[in-house]
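*Asks:* Need the 3D shape of this:
(one chain, ligands or ions: 2)
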Amino acid sequence: MSLTRFTITAVRNLQTVSLTPSPRINILSGDNGSGKTSVLEAIHLLGLARSFRSTRLLPVIQYEQAACTIHGQVQLADGRMSNLGVSRDRQGEFIIRIDGQNARSAAQLAETLPLQLINPDSFRLLEGAPKIRRQFLDWGVFHVEPGFLPAWQRLQKALRQRNSWLRHGTLDRASQAAWDRELCLASEEIDSYRRAYIKALKPIFERTLNELVELEGLTLSYYRGWDKERELNTVLANSLSRDQQLGHTQAGPQRADLRLRLGAHNAAEILSRGQQKLVVCALRIAQGHLVNQAKQGQCIYLVDDLPSELDEQHRRALCRLLEDLHCQVFITCVDHELLREGWRTDTPVAMFHVEHGGITQTHDHQE
Ligand SMILES: Nc1ncnc2c1ncn2[C@@H]1O[C@H](COP(=O)(O)OP(=O)(O)O)[C@@H](O)[C@H]1O
Ligand SMILES: [Mg+2]
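*Replies:* Ligands and ions are numbered 1, 2, ... in the order given. Got it, this is the predicted structure:
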């Protein structure tokens, strides 16, 4: 699947622009502050109804404009076209439209437009809190396992119920026990999806990483959020008084994590920024291969500021891996010369120049 056309209105400094990107490689170049990241941000908004730059959307809306809007036409894996629209005004009103209908949630958008972001903050996947790695993991599981979302919603409901019971004790013990059973069932289901996903991801990740950089002894492992030797209901029973003290449930899939280690050490404490970035790229590219294998089709890669922290050899290796994914890719850089050469002759590469919020296409992929 790919974006065949999109229009951006009142996002950051961007003029109202309509682009007809290449289904494969798109390079956006321009000076700092010209608006390159804002283009990726707009595509991200179209796919997830949120920004990757700020938690609030207000700063995304152009100064003195009432609302920002992004429209996109997507060619789905089966060849059908789908029209997406996302609009957000200053009062916080959100409108998500899919094929002329108002959509209920951003999950529907995400399903239509799976996005992968690689940007200068990507190293946080290794260094940051477990939540970031759980989001990474669950993105993958969500896109390949249709049972995941309902199970995850059941878990959230049961967990809210249990946490409220821990704090206020509103239900009698027997009624709460029924909720705990539901919690454990949803947890087992989520754990089995995540485990199967990591099992499939691992070999692809290792192969991809090998093509990018030599990091002998790097291992990826999955922690399910509670002791692997014991049943969750036993763990919950044993930690009840501590949970009551804290007012929330400590063990369970809401505590899952991915662990990247180099020998005995946490990889984030040993690797350079550049190496961390390559590890994250390998993880994200491996996810793309799994999405390609699943029926939903391919995802779109947003790669912001590609050359930063990568030398030429690694930049080329990364471009080759992105090219081999056969996905649509949007790459930004200051100097387009760095990315002009090296693509296979049959790969359609489109180049765009961004200047003061205006975008001109300098090389058409159909030329
Ligand atoms: N809400 C806004 N309205 C208008 N301009 C904005 C807004 N938010 C940011 N900008 C400006 O938009 C420009 C775009 O920045 P950015 O997309 O990050 O550029 P690049 O990635 O090319 O360096 C910046 O110069 C910034 O000052
Ligand atoms: Mg930028």
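*Asks:* how close does residue 136 sit to residue 265?
*Replies:* 21 Å (CB to CB, to the nearest Å). Where you see a C-beta, it was placed from the backbone N, CA and C, and this is true even at glycine.
*Asks:* what's around the closest residue to ligand 1 within the stretch 101-250 of the chain, how many residues?
*Replies:* For the stretch 101-250 of the chain and ligand 1, the shortest gap (CB to the nearest ligand atom) falls at residue 119, measuring 10.1 Å. Neighbour count for residue 119, taken as other CB atoms under 10 Å: 21.
*Asks:* shaky segments in the stretch 151-300 of the chain?
*Replies:* For the stretch 151-300 of the chain, the stretches with pLDDT under 70 are 295-297.
*Asks:* For the closest residue to ligand 1 within it, give me its contacts.
*Replies:* At 17.6 Å from ligand 1, residue 277 is the closest residue in the stretch 151-300 of the chain, using CB to the nearest ligand atom. Residue 277 sits next to 122-123, 309-310 when contact means CB atoms under 8 Å, 6 or more residues apart in numbering.
*Asks:* One more: residue 146?
*Replies:* By CB under 8 Å, 6+ apart, residue 146 lies in contact with nothing.
*Asks:* That one: helix or strand, and which one exactly?
*Replies:* Of the helices and strands defined by DSSP states H and E, none includes residue 146.
*Asks:* cool, and the one 4 residues further on?
*Replies:* Assignment of secondary structure by DSSP H and E places residue 150 within helix 148-168.
*Asks:* how about that helix: buried residues?
*Replies:* The neighbour-count check on helix 148-168 (16 or more other CB atoms under 10 Å) flags 148-149, 151-152, 154-155, 158-159, 161-163, 165-166 as buried.
*Asks:* for stretch 327-344, same thing?
*Replies:* 327-333, 336, 338-339, 343.
*Asks:* what residues does the stretch 1-150 of the chain put near ligand 1?
*Replies:* Contacts of the stretch 1-150 of the chain with ligand 1, taken as CB under 6 Å from any ligand atom, map to 12-13, 30, 32-38, 59, 61-63.
*Asks:* could the residues you listed go into CSV alongside pLDDT?
*Replies:* Listed next are these as CSV, based on pLDDT from 0 to 100:
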residue, pLDDT
12, 97
13, 97
30, 96
32, 96
33, 97
34, 98
35, 98
36, 98
37, 97
38, 98
59, 93
61, 96
62, 97
63, 96
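*Asks:* Just the buried ones among these, please.
*Replies:* Using 16+ other CB under 10 Å, the buried members of these are 12, 30, 34-38, 61-62.
*Asks:* State the pair within those residues that is farthest apart.
*Replies:* Pairwise distances among those were taken by CB to CB; the largest, 21.4 Å, belongs to 30 and 61.
*Asks:* hang on, the earlier thing: let me know the secondary structure of the residue of the stretch 151-300 of the chain closest to ligand 1.
*Replies:* With DSSP: H, G, I helix; E, B strand; the rest coil as the basis, residue 277 sits in helix.
*Asks:* quick one on the thing from earlier: looking at the buried residues of stretch 327-344, which are in strands?
*Replies:* Members of the buried residues of stretch 327-344 lying in strands (criterion: DSSP state E): 328-333.
*Asks:* Redo the residues you listed as JSON lines? Include pLDDT.
*Replies:* Shown next, in JSON lines, are these (pLDDT from 0 to 100):
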{"residue": "328", "pLDDT": "96"}
{"residue": "329", "pLDDT": "97"}
{"residue": "330", "pLDDT": "98"}
{"residue": "331", "pLDDT": "97"}
{"residue": "332", "pLDDT": "97"}
{"residue": "333", "pLDDT": "95"}
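*Asks:* which one among these gets closest to ligand 1?
*Replies:* residue 332 (6.2 Å).
*Asks:* when you check the buried ones among the residues of the stretch 1-150 of the chain next to ligand 1 against the helices, which ones overlap?
*Replies:* Under the assignment DSSP state H, these contribute 36-38 to helices.
*Asks:* Residue 220: neighbour count?
*Replies:* 19.
*Asks:* In three-state terms, label it for me.
*Replies:* The three-state label given to residue 220 by three-state DSSP is strand.
*Asks:* Distance of it relative to residue 211?
*Replies:* With the distance defined as CB to CB, residue 220 ends up 16 Å from residue 211.
*Asks:* before we move on, back to that, of the ones in strands among the buried residues of stretch 327-344, which is the nearest to residue 361?
*Replies:* residue 330 (13.2 Å).
*Asks:* unless I'm mixing things up, the closest one is touching residue 39, no?
*Replies:* Yes - judged on CB atoms under 8 Å, residue 330 makes contact with residue 39 at a distance of 7.2 Å.
*Asks:* Now the common contact residues for those two.
*Replies:* Common neighbours of residue 330 and residue 39, using CB under 8 Å, 6+ apart, are residue 28.
*Asks:* any chance you could map the helices in the stretch 251-367 of the chain?
*Replies:* 267-270, 273-293, 312-324, 337-340 (DSSP state H, counting those that start in this stretch).
*Asks:* Need the contact partners of the last one.
*Replies:* Just to be clear, that refers to helix 337-340. Residues outside helix 337-340 that contact it (CB under 8 Å, 6+ apart) are 27, 29, 306-307, 312, 315, 319, 331, 333, 351.
*Asks:* Please pick the buried ones from these.
*Replies:* Neighbour-count burial within those applies to 27, 29, 306-307, 315, 319, 331, 333, 351; the criterion is 16+ other CB under 10 Å.
*Asks:* pretty sure residue 18 belongs to a helix, no?
*Replies:* No - checked against three-state DSSP, residue 18 lies outside a helix; its state is strand.
*Asks:* Leaving out chain neighbours, which residue sits closest to it?
*Replies:* residue 7 (4.5 Å; CB to CB, 6 or more residues apart in numbering).
*Asks:* Done for today, thanks.
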